[in-house]
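>>> I would like the atomic coordinates for the input below:
(chains A and B)
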Number of protein chains: 2
Amino acid sequence: MTLDPDLARTWLATAVEEARASLAEGGIPIGAALYGADGTLLGRGHNRRVQDDDPSVHGETDAFRNAGRQRSYRGTTMVTTLSPCWYCSGLVRQFGISRVVIGEARTFHGGHDWLAGHGVEIVLLDDPECVALMTEFIAARPELWNEDIGA
Amino acid sequence: MTLDPDLARTWLATAVEEARASLAEGGIPIGAALYGADGTLLGRGHNRRVQDDDPSVHGETDAFRNAGRQRSYRGTTMVTTLSPCWYCSGLVRQFGISRVVIGEARTFHGGHDWLAGHGVEIVLLDDPECVALMTEFIAARPELWNEDIGA
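I've put the predicted structure just below:
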């Protein structure tokens, strides 16, 4: 079933809140949220590399963790402010998350084409607020951004 | 540089210790270790789905987390008792980990061919102890194993 565009925007707002919370904490402004097949918010989170000194916590993996153990991810949607990197794209593929809503893919283009080729529905919103968040962050902290994507 | 087979076995023993520790804790017996380009142990860990009720912690992501923040993963080796799932394969690709040493790929075949196609050196040891660990675990706890791989 195709996702209603207004609902996609509403869900994205949750991920943007997370990204802004991370920025306010001195961290990398990428946020995410995992929604259930029935539209319930299962978990939300943000990048914690700086906050927890933990390189394994990207926005998507934090939202996934905070959703707790789930028996199935069929019908779930991962919403993220930025195109998911290979690590987070691998998460989506392994656990069978059905859909990914992406704030923007201008400042970083991760594995979402690969996911689309493996049957994951991709909704790319090209949201100006998400683009601005990352553009400003990358300009301000290029070394931190490169560390986060292994570049 | 090709990895010395004896060194690969020595490194695998660390990952097997982690897998056995996880089993002793009632968890999923998959362990991993990240070694630096100079052979230093950077981090080791194991699956923590059961122990921490955390679906985001696979053996490889735990070893990666425990290695802390690294500026570069060039020359590093991820050693794992089992072929890395897509999530963990994505981790290896995103962060530019150079080599993966795999205990076995009989009981689960993850993304290591994909990694090889993207320039990651794959050393598959086909270790009987690793095969036995997973074979016994899957027979004993099939529902837990399926949960961990999103099947």
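>>> list the contacts for the residue in chain A positioned nearest to chain B?
At 2.4 Å from chain B, residue A:90 is the closest residue in chain A, using C-beta to the nearest C-beta. Yep, even glycine has a C-beta here, placed from its N, CA and C like the rest. Residues near residue A:90 by C-beta atoms under 8 Å, 6 or more residues apart in numbering or on different chains: A:111, B:85-91, B:93, B:111.
>>> next: residue A:138.
A:107, A:145.
>>> any idea of the pLDDT on it?
Looking at residue A:138, its pLDDT reads 97.
>>> tell me the SS of it?
helix (DSSP: H, G, I helix; E, B strand; the rest coil).
>>> also residue A:78?
strand.
>>> what about the residue of chain A closest to chain B, distance to residue B:37?
Noted for residue A:90: a distance of 24 Å to residue B:37, by C-beta to C-beta, to the nearest Å.
>>> how about the residues of chain A that lie near chain B?
Applying C-beta under 8 Å from any C-beta of the partner chain, we find that chain A lies next to chain B at A:49, A:53-56, A:61-62, A:64-65, A:67-73, A:85-91, A:93-96, A:111, A:147, A:149-150.
>>> which of the residues you listed count as buried?
A:49, A:54-56, A:61-62, A:64-65, A:67, A:70, A:73, A:85-91, A:93-96, A:111, A:147, A:149-150 (16 or more other C-beta atoms under 10 Å in any protein chain shown).
>>> quick one: terminal-to-terminal distance for stretch A:18-29?
8 Å (C-alpha to C-alpha, to the nearest Å).
>>> identify the residues contacting the longest helix that chain A contains?
The helix that spans the most residues within chain A, counting by DSSP state H, is helix A:5-24. Here helix A:5-24 makes contact (C-beta under 8 Å, 6+ apart) with A:28-33, A:35, A:39, A:41, A:44-48, A:51, A:59, A:63, A:77, A:79-81, A:101, A:103, A:123, A:125, A:127, A:129-130, A:133, A:137.
>>> mind doing that once more with 6 Å?
A:29-33, A:35, A:44, A:46-47, A:79-81, A:101, A:103, A:123, A:125, A:133 (C-beta atoms under 6 Å, 6 or more residues apart in numbering or on different chains).
>>> specify the angle between whichever helix or strand comes after that helix and helix A:5-24 in degrees.
The first helix or strand that comes after helix A:5-24 along the chain, using DSSP states H and E, is strand A:31-35. Here strand A:31-35 runs at an angle of 140 degrees relative to helix A:5-24 (axes from the mean of the first three to the mean of the last three C-alpha atoms, to 10 degrees).
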